[in-house]
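Q: need coordinates for the below:
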Amino acid sequence: MSGMPYHLEKGPIGSVTESVLNASKADRYAILDMLRTGATFLDMNGPAAMLKSGSLHDPTWSPTPQAIAQHGADFMGGSYDASGKWVPNPSPGTMTSGFPNYTGNVEAILKETYIRAMEVSLGLEHAETLAQQPPERARFWPIEVLWKCPTAWVEGWVTWQRAPDGSGHVTLHLLTPSHNHYVLTSPGDGRDAEVNPTSSACANGMWVITHQKNKMSMTYRIDYSEFGNWTTPTYGPVYQGTGPIVVVSPSEKDGGVSCWGRPYTAPGTTSTTTAAKKATKKKKAAAKKTVPRKQAATKKTTRARKR
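A: So this is what the prediction gives:
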């Protein structure tokens with residue numbers, strides 16, 4: 001995983017996950033059934049097949065499914081044994097595997113979080129099948145995926161809300177410790193970040209609202225109890241918000257979300273949005289080359305006429 005420059009993110013993987021889970025009720029239930037019946041979270045022909053999406057990789061070169069699965073295992077800090085059981089690393093992670101200052105069964109947390117989110121979205125009781133579900137509880141609410149970092153340990157949260165008309169939505173939150181990457185103290189410094197956006201016309205959006213800059217200083221602090229007892233002074237960071245309040249829309253590459261999301265595409269292909277952007281760039285480049293040629297031809301014609 002790349003560094004997360006913001007506390008809350010979605011990014012390309014989150015958007016593709018939403019595209020797959022929200023494609024159809026049948027597709028979502030198929031993934032739920034696989035996770036319930038023992039499929040590993042990183043099964044590249046099962047629940048993790050979405051990670052092979054062509055829209056996540058360069059069409060001229062894509063990592064092998066094995067490489068993608070290994071990257072996921074490194075992120076979670078562990079490996080699968082010969083029987084397919086997930087075995088977490090026994091000690092805190094490093095910069096390349098797991099999370100520093102944390103050990104735990106990340107795979108089990110992620111699986112249970114996804115299972116619970118899909119059950120809620122489909123109106124299912126825990127472990128209930130669609131065949132067992134009463135018709136009055138049947139539903140297909142959209143799922144949103146968000147990632148919060150850093151936290152002290154790994155958690156999954158599932159929140160949902162039903163509207164008065166019976167519609168609703170589910171949000172799946174993943175909370176993880178840091179991989180020793182730093183969050184931007186000035187959110188507007190993100191790559192291609194939009195500062196103080198005014199329109200919410202897009203189908204997707206993520207805005208962060210804070211001070212223009214959050215300055216850190218190191219200081220001693222003493223906490224007194226109501227009875228006058230005091231503890232040993234602590235020395236640590238204190239943040240101060242400075243400058244005006246700003247609203248920032250992070251770019252997708254920094255964990256934000258694209259205006260129209262990111263679809264799942266077959267491995268080796270790219271999204272229509274990406275293809276259109278590349279085609280536009282090629283046209284502009286060709287136009288730039290054509291203009292000088294036309295100007296040169298015009299000059300030649302003018303000189304010929306003068307002669």
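
Q: switch to C-alpha atoms for all contacts and neighbour counts from now on
A: Noted.

Q: does L42 really touch G72, like I thought?
A: Yes: applying Cα atoms under 8 Å, one finds L42 in contact with G72, separated by 7.1 Å.

Q: mind listing what's buried in stretch 243-251?
A: Buried residues in stretch 243-251, defined by neighbour count with 16 or more other Cα atoms under 10 Å: 246-251.

Q: which residues touch it?
A: Stretch 243-251 is contacted from outside by 187-188, 190-197, 205-213, 256-258, using Cα atoms under 8 Å, 6 or more residues apart in numbering.

Q: from those residues, which would you call buried?
A: By 16+ other Cα under 10 Å, these give 187-188, 190, 193-195, 205-208, 210-213, 256-258 as buried.

Q: so what's A48 closest to, chain neighbours aside?
A: Excluding the flanking residues, the one nearest A48 by Cα to Cα, 6 or more residues apart in numbering is L42, at 5.2 Å.

Q: distance check, the residue lying closest to I68 once chain neighbours are set aside against P88.
A: Once flanking residues are discounted, I68 sits nearest to L51: 7.4 Å by Cα to Cα, 6+ apart. Distance from L51 to P88, counting by Cα to Cα, to the nearest Å: 22 Å.

Q: go on, V208?
A: For V208, the distance to P88 (Cα to Cα) stands at 34 Å.

Q: where does the protein dip in pLDDT?
A: Applying pLDDT under 70 to the chain picks out residues 1-2, 224-226, 228, 230, 270-307.

Q: okay, now the closest residue to E155 other than its chain neighbours: neighbour count?
A: Of all residues not flanking E155 in the chain, L175 sits nearest, at 5.0 Å (Cα to Cα, 6+ apart). If you count neighbours by other Cα atoms under 10 Å, L175 ends up with 19.

Q: then P263?
A: The burial count for P263: 22, using other Cα under 10 Å.

Q: how close does it get to T17?
A: 9 Å.

Q: ok so, going back, of the contacts of stretch 243-251, which belong to helices?
A: Per DSSP state H, helices hold no members of the contacts of stretch 243-251.

Q: what's the nearest residue to L56 if we skip its chain neighbours?
A: Spatial nearest neighbour of L56, chain neighbours left out: P12 (6.7 Å); criterion: Cα to Cα, 6+ apart.

Q: quick one, what contacts the one you found?
A: 56, 252-253, 255, 257, 262.

Q: returning to that earlier point: could I get the phi/psi values of the residue nearest to E155?
A: Backbone torsions of L175, given as degrees, to the nearest 10, read phi -120, psi 120.

Q: wait, it sits on W147?
A: Yes: using Cα under 8 Å, L175 is in contact with W147, at 5.9 Å.

Q: could you pull out the helices for the stretch 1-150 of the chain?
A: Secondary structure of the stretch 1-150 of the chain (DSSP state H, counting those that start in this stretch): helices at 11-21, 25-36, 65-76, 106-122.

Q: now distance to F140 too, for these, in JSON lines please.
A: Output for the helices of the stretch 1-150 of the chain, formatted as JSON lines (distance: least, Cα to Cα, whole Å):
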{"stretch": "helix 11-21", "distance to F140": "10"}
{"stretch": "helix 25-36", "distance to F140": "6"}
{"stretch": "helix 65-76", "distance to F140": "28"}
{"stretch": "helix 106-122", "distance to F140": "5"}
